[in-house]
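*Asks:* Provided below are the primary sequence and the corresponding predicted coordinates.
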Amino acid sequence: APVVLWFRRDLRLGDHAALLEASRHSKHVLALYVLDEKLLKPGGAPREAFLYGCLEKLDEQLGGRLMLVRGEPAVEVVRVARSVGAAAVHVSTDCGPYGRRRDASVAKALADNNIDWVETGSPYAVTPGRVTKPDGDPYRVFTPFYRAWTAHGWRAPADTGPSLVDWVEPPRSLKIPRPPRADAELPEPGERAALDAWHAFLDGGVETYDTDRDRPDLSGTTRLSPYLRWGCVHPRTLLADLGDGAGAKSLRSELCWREFHADVLWHRPETARENYDRRFDGMEYDDDHEAFERWCAGRTGFPIVDAGMRQLLAEGWMHNRVRMIVASFLVKDLHLPWQWGARHFMKHLVDGDLASNQLNWQWVAGCGTDAAPYFRIFNPATQGKKFDPDGDYVRKYVPELRSAAGTDYPAPMVDHAHERRVSLERYGRITS
Ligand code: FAD
């Protein structure tokens, strides 16, 4: 009997543990993707457009045999599996809060129909929940997690590809929707593009990653985040290519941040919305929607903040250093809740990922794990000078500042020194 391979956050055929496992059960595999409104809604047009692009590429690799359906997974997956007489549905584990609930209900519906549910691998080198302290508690701090994660180790990449199995001709399929209009300029979707980007990065020399990664004016990072988000490439593939130089070590540690945040969310799913550090439930925030709109539009009058916010709108991506600067500005200069900023990011980021996004926001806001000391509040001007020394990044995204006069450019919307004091006072009230 055939089996179904239900693709979710693993839109590739190489290094695909669930595909390898499916091939051990049957040579006849039906490739399925379910368009689920619950997942499509919170993401904005850029992420949706990138997803459809990835599905196109996957379908090409499958010789046009990707079956696409729309609807409630617990209904659709069962219907599809039954229609081809499948013995099992194979997946890579989804570790997010919604994915876990959804999968539990799909697995149950399949069991009611005597169809097996098989989970193999996950979007992480080490599946969330596997690395714990010796007493079984989850880690709350990155560095010890990183040590334990390294010691735990991971498998070598799985040797899979499009010709490993015979792809079953779908009985029927929707056409891949035309991408919604996304004003952002998006990266090339799909597995091939992910691997090309990775090899181009390696050819450019991973050695300089360590020093250049904080510089938004240089292209010093991999820009693989959208591909990792959609599973166009598995982190194991990347880790297997990394040696022991300073650049490689630093990149391995960044990849581990992704795994750490997934682990935190796995243990504490409520932190997708709520403060990880409950003391912050008493923190006073403002309710200024106009200030929020200025931040969203990149009209704060702080060049590095505005450049970042406009890069987000233009490319569906923002440099990590600048994500930290704009997030700090929203929370500590405008005193707005981190959830507002996180929602805006999720709407525009092609790499928008619940674990990485919500927990990085919390980290910057001071209410997350391993938080930087609250009093270390980014000064947007100093940060700009340090990380964009010639102003190239700012000029690229804020055209008003290309000429010395900067006529159309707004004056700073707040006094940083003053807002810093306000933040510290409010912080003092929840910690005293
Ligand atoms: P590289 O520097 O090349 O790093 C390689 C990979 O490591 C990245 O693709 C990413 O998967 C991972 N990584 C690097 N830094 C981090 C980090 N701090 N946390 C988690 N993973 C990391 N990343 C997302 O993938 N999705 C998000 O929604 C997201 N939201 C963020 C929100 C805020 C407020 C902040 C401060 C950071 C956020 N990040 C998010 C983390 C980071 O900014 C991006 O992963 C990174 O900028 C992507 O660019 P890159 O692929 O060139 O990174």
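*Replies:* That came through fine.
*Asks:* so how far is stretch 48-68 off the chain centroid?
*Replies:* 20 Å (C-alpha atoms, centre = their mean, to the nearest Å).
*Asks:* that stretch near the ligand at all?
*Replies:* No: under the criterion of C-beta under 6 Å from any ligand atom, the ligand is not reached by stretch 48-68; the shortest gap measures 12.6 Å. All C-beta spots, glycine's among them, are computed from the backbone N, C-alpha and C.
*Asks:* quick check: buried residues in that stretch?
*Replies:* 48-55, 57-59, 61-62, 65-68 (16 or more other C-beta atoms under 10 Å).
*Asks:* residue nearest the centroid of the protein?
*Replies:* With distances taken as C-alpha atoms, centre = their mean, the chain has Asp353 as the residue nearest its mean C-alpha position (3.2 Å).
*Asks:* give me the nearest residue to that residue, chain neighbours excluded.
*Replies:* Excluding the flanking residues, the one nearest Asp353 by C-beta to C-beta, 6 or more residues apart in numbering is Arg229, at 5.1 Å.
*Asks:* any idea how far the residue nearest to the centre of the chain is from His261?
*Replies:* 8 Å (C-beta to C-beta, to the nearest Å).
*Asks:* repeat for Gln311
*Replies:* From Gln311 over to His261 (counting by C-beta to C-beta), the distance is 22 Å.
*Asks:* again with Asp59
*Replies:* 31 Å.
*Asks:* also Leu313?
*Replies:* Taking C-beta to C-beta as the measure, Leu313 falls 24 Å from His261.
*Asks:* quick one: secondary structure of the closest residue to Gly44 other than its chain neighbours?
*Replies:* Spatially, and ignoring its direct neighbours in sequence, Gly44 is nearest to Lys347 (3.9 Å; C-beta to C-beta, 6+ apart). Three-state call for Lys347 (DSSP: H, G, I helix; E, B strand; the rest coil): helix.
*Asks:* what about the closest residue to Leu334 other than its chain neighbours, how many residues nearby?
*Replies:* In this structure, Leu334 finds its nearest non-sequential neighbour in Ala291, 5.0 Å apart by C-beta to C-beta, 6+ apart. As a burial measure, Ala291 scores 18 neighbours (other C-beta atoms under 10 Å).
*Asks:* quick check, Pro128 in contact with Trp266.
*Replies:* Yes: here Pro128 lies in contact with Trp266, judged by C-beta atoms under 8 Å, at a distance of 3.6 Å.
*Asks:* which neighbours do the two share?
*Replies:* By C-beta atoms under 8 Å, 6 or more residues apart in numbering, Pro128 and Trp266 have these common neighbours: Cys95.
*Asks:* what parts of this structure come near the ligand?
*Replies:* Going by C-beta under 6 Å from any ligand atom, the residues of the chain near the ligand are 213, 221-225, 228-229, 254-255, 257-258, 261, 320, 323-324, 327, 345, 349, 351-353, 356-357, 360-361, 364.
*Asks:* can you tell me how far Lys175 sits from the ligand?
*Replies:* 29 Å (C-beta to the nearest ligand atom, to the nearest Å).
*Asks:* list the residues that contact the residue nearest to that residue when sequence neighbours are not counted.
*Replies:* Nearest non-adjacent residue to Lys175, counting by C-beta to C-beta, 6+ apart: Leu68, 7.4 Å away. For Leu68, the contact set (C-beta under 8 Å, 6+ apart) comprises Leu32, Tyr33, Val34, Leu35, Leu55, Ser173, Leu174, Lys175, Ile176.
*Asks:* again, only using 10 Å
*Replies:* 31-35, 52, 55, 59, 170, 172-177 (C-beta atoms under 10 Å, 6 or more residues apart in numbering).
*Asks:* from the residues you listed, which two are the most distant?
*Replies:* Spatially, the most separated pair among these is Tyr52 and Arg172, at 19.0 Å (C-beta to C-beta).
*Asks:* show me the strands in the stretch 301-432 of the chain, by range?
*Replies:* For the stretch 301-432 of the chain, applying DSSP state E, counting those that start in this stretch gives no strands.
*Asks:* for the stretch 151-300 of the chain, that is, sorry about that
*Replies:* Using DSSP E, counting those that start in this stretch, strands in the stretch 151-300 of the chain cover 166-167.
*Asks:* which stretches of it have low pLDDT?
*Replies:* By pLDDT under 70, the stretch 151-300 of the chain has no low-scoring segment.
*Asks:* all helices for it, in order.
*Replies:* Taking DSSP state H, counting those that start in this stretch, the helices of the stretch 151-300 of the chain run over residues 191-204, 209-212, 225-230, 235-241, 246-267, 289-297.
*Asks:* and those helices, which is most packed in?
*Replies:* Mean neighbour count, computed with mean count of other C-beta atoms under 10 Å, is highest for helix 225-230 among the helices of the stretch 151-300 of the chain, reaching a mean of 25.
*Asks:* isn't the residue nearest to Asp353 up against Phe50?
*Replies:* Yes: under the criterion of C-beta atoms under 10 Å, Arg229 makes contact with Phe50 at 8.6 Å.
*Asks:* residues shared between the contacts of these two?
*Replies:* Counting by C-beta under 10 Å, 6+ apart, the common neighbours of Arg229 and Phe50 are Val350, Asp351.
*Asks:* identify the residues contacting the residue in the stretch 51-200 of the chain that the ligand sits nearest to.
*Replies:* In the stretch 51-200 of the chain, the residue that lies nearest the ligand is Ala197 (9.0 Å; C-beta to the nearest ligand atom). Going by C-beta under 10 Å, 6+ apart, Ala197 touches Pro187, Glu188, Thr222, Arg223, Leu224, Pro226, Tyr227, Cys232, Val233.
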